[in-house]
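# Predicted coordinates and the sequence they were generated for:
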Amino acid sequence: QVQLVESGGGSVQAGGSLRLSCAASGYTYSRFCMGWFRQAPGKEREAVAAFDSDDTTSYADSVKGRFTISQDNAKKTLYLQMNSLKPEDTAMYYCAAPLCSLYWVPDYWGQGTQVTVSS
């Protein structure tokens, strides 16, 4: 059974930074692509960043240059470093797998972690 557990959300002022973590278990992590979605109130869930099994990454246009996705295979953990945060980044952020590109539909989801950015 695949389990994804997010942490690291919180409240921050515009321009600040946060790092989200997703601890994964239940599969062969080193060959499992993963990524992050977010959903703001009243909006559809959108893919934010994806980390492919060959270490290539992809990002939504809205976060390019500000967010960085990475993983630690030894810790079986996926990260999302979010810099220069804007109020429009406020959303519930979900870890998901498999997510080899932004166009995949994942089978597994974490419970979500809230990110709130104030102006």
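Structure received. Numbering: from 1, shown residues only.

# Hmm, residue 52 is touching residue 33, no?
Yes - counting by C-beta atoms under 8 Å, residue 52 does reach residue 33; the two are 4.8 Å apart. C-beta here means a position set from N, CA and C on the backbone, and glycine is covered the same way.

# Compare the two (neighbour count), which wins?
Neighbour totals were compared for residue 52 and residue 33, and residue 33 leads with 20 against 16 (other C-beta atoms under 10 Å).

# What's the per-residue pLDDT of the more buried one here?
Per-residue confidence (pLDDT) for residue 33: 89.

# for the one 5 residues further on, same thing?
In this prediction, residue 38 carries a pLDDT score of 98.

# Report the contact partners of it.
Residues near residue 38 by C-beta atoms under 8 Å, 6 or more residues apart in numbering: 45, 46, 48, 89, 91, 92, 93, 94, 115.

# Can you flag the buried ones in the residues you listed?
48, 89, 91, 92, 93, 94, 115 (16 or more other C-beta atoms under 10 Å).

# With pLDDT and secondary structure added, can I get those residues in CSV?
What follows is the buried ones among the contacts of residue 38, written out as CSV (pLDDT from 0 to 100; DSSP: H, G, I helix; E, B strand; the rest coil):
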residue, pLDDT, secondary structure
48, 98, strand
89, 98, helix
91, 98, strand
92, 98, strand
93, 98, strand
94, 98, strand
115, 98, strand
